[in-house]
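**Q** 3D, please:
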Amino acid sequence: MNITLVEDNPNTANMLVWGLRLSKNIVNLYTNAESCIKGLLEAKFTNKPLPDILITDYNLGEGLNGRELIRQIRGQENISYEELPIILISGASLSLAEISEQYTNIPTMQKPVTPGALLTKIREVKSSK
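**A** Numbers count the residues shown, from 1 in each chain. Purely as a prediction, here's the structure:
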């Protein structure tokens, strides 16, 4: 499976990338929302395949946060759920409640997230698509 991960914390990113790759997945890591959007648009407009799933952290430091990333992907860039399912992960429970209200088809996970738990969530999302 081709997975795009957006995570600005190097320790979290390394642990998730390692665990996802150990399960034979291809993982493309972005450390901010802007570079992820650029990569997705480049793929979409050059007829390259989009990833099978996007996993993003809510708090991404400088620039756009995970909610704004989702808003741009779904709104301005018009990439549908069918084209690209998304999972949101966050250490802040308030942000998960917020996003769940705004985007009912965006599954959320509370940090800390293990690679095993994330793989289980990915399988659930992909099987319900």
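
**Q** now the element after the helix-or-strand element of the chain with minimal mean pLDDT, going C-ward?
**A** Using mean pLDDT, DSSP states H and E, the weakest-scoring helix or strand in the chain turns out to be helix 93-102, at a mean of 64. As assigned by DSSP states H and E, the chain's next helix or strand after helix 93-102 is strand 108-110.

**Q** buried set for that following strand?
**A** 108-109 (16 or more other C-beta atoms under 10 Å). C-beta coordinates here come from the backbone N, C-alpha and C atoms, glycine included.

**Q** how far away from the center of its chain is that strand?
**A** 11 Å (C-alpha atoms, centre = their mean, to the nearest Å).

**Q** any idea of the mean pLDDT in that strand?
**A** Averaged over strand 108-110, pLDDT sits at 88.

**Q** now for it, which elements pack on it?
**A** Counting contacts by 3 or more C-beta pairs under 8 Å, 6 or more residues apart in numbering; DSSP states H and E, strand 108-110 is packed against strand 86-90, helix 93-102, helix 115-128.
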